[in-house]
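1. Provide a 3D model corresponding to the input given below.
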Amino acid sequence: MQQHTSTDEFRFRSIGVIHSPHTDPERTPIQPIYAEGVRGRVEVFTEYSDGLQDLEGFSHIYLFYVLDRASAPRLVLSPYLDRAERGVFSTRAPCRPNPLGFSLVRLLRCEGTMLHVQDLDVLNGTPLLDIKPFFRQLDSRQDARSGWFDDVDESTARALGRRKDRRRP
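-> Numbering: from 1, shown residues only. Here you go, the predicted structure:
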């Protein structure tokens, strides 16, 4: 097994582009659960088309992408649902040392290399890095804890996540 050091760099290649109605980061829903009903398309580049085989049998997929318009990395910040400062790794904030994002979206249908999805919270033109299927038997944990987020009021989270109420708690 190869050991890695803190100076290692890894290169990724975009496999496609995410197309969505979201063009303003300040108005884009935060997390797919708050983008309910928002439709978009995921364009997979032709050279990766064989990798889409059998994907249509899944109701949900994870999209992994580059947060290409994120602000400079910060290790401590106040997340959108909290005034307390938190370590970036206890949040899903985009200002990360490695600006990687992921979203669990509903897969509506596949048309060649175009995937039609719903519940999309991603900015238009975002570079796609990978797609993985959601397995209900593997990706759900009934005993999971959500740290500080367990104390967040759901109605506040929903309003702020949908960007309808800009006031933080």
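
2. Spit out the contact partners of residue 122.
-> Contacts for residue 122 (C-beta atoms under 8 Å, 6 or more residues apart in numbering) come out as 18, 20, 22, 28, 40, 63, 65, 101, 103. C-betas here are computed from N, CA, C, even on glycine.

3. Against residue 72, how distant is it?
-> From residue 122 across to residue 72, the span is 20 Å (C-beta to C-beta, to the nearest Å).

4. rewinding a little: of the contacts of residue 122, just the buried ones, PyMOL syntax please.
-> Buried subset of those, written as a PyMOL selection, criterion 16 or more other C-beta atoms under 10 Å:
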select buried, resi 18+20+22+28+40+63+65+101+103
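
5. Just the contacts of residue 122: which are in helices?
-> Cross-referencing the contacts of residue 122 against helices under DSSP state H gives no overlap.

6. Out of the contacts of residue 122, which one has the lowest pLDDT?
-> For the contacts of residue 122, the weakest pLDDT value sits at residue 28, with 89.

7. can I assume it is in contact with residue 21?
-> No: look at residue 28 against residue 21 with C-beta atoms under 8 Å: they stay out of range, at 9.3 Å.

8. hey, what's in contact with both of these two?
-> Common neighbours of residue 28 and residue 21, counting by C-beta under 8 Å, 6+ apart, are absent.

9. Only the C-alpha atoms, please, for stretch 40-53, written as PDB.
-> The C-alpha trace of stretch 40-53 is given here as PDB (Å, rounded to 0.1, in the frame of the first residue of the first chain):
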ATOM      1  CA  GLY A  40     -31.900  20.000 -14.300                       C
ATOM      2  CA  ARG A  41     -29.700  17.900 -16.500                       C
ATOM      3  CA  VAL A  42     -26.400  16.200 -16.100                       C
ATOM      4  CA  GLU A  43     -24.400  16.100 -19.400                       C
ATOM      5  CA  VAL A  44     -21.900  13.300 -19.400                       C
ATOM      6  CA  PHE A  45     -19.100  13.600 -22.000                       C
ATOM      7  CA  THR A  46     -19.400  11.000 -24.800                       C
ATOM      8  CA  GLU A  47     -16.100   9.200 -23.900                       C
ATOM      9  CA  TYR A  48     -17.700   8.200 -20.600                       C
ATOM     10  CA  SER A  49     -21.100   7.000 -22.000                       C
ATOM     11  CA  ASP A  50     -20.400   3.300 -21.500                       C
ATOM     12  CA  GLY A  51     -20.200   4.000 -17.700                       C
ATOM     13  CA  LEU A  52     -23.900   5.000 -17.700                       C
ATOM     14  CA  GLN A  53     -24.900   1.400 -18.500                       C
END
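
10. I am finished for the moment; much appreciated.
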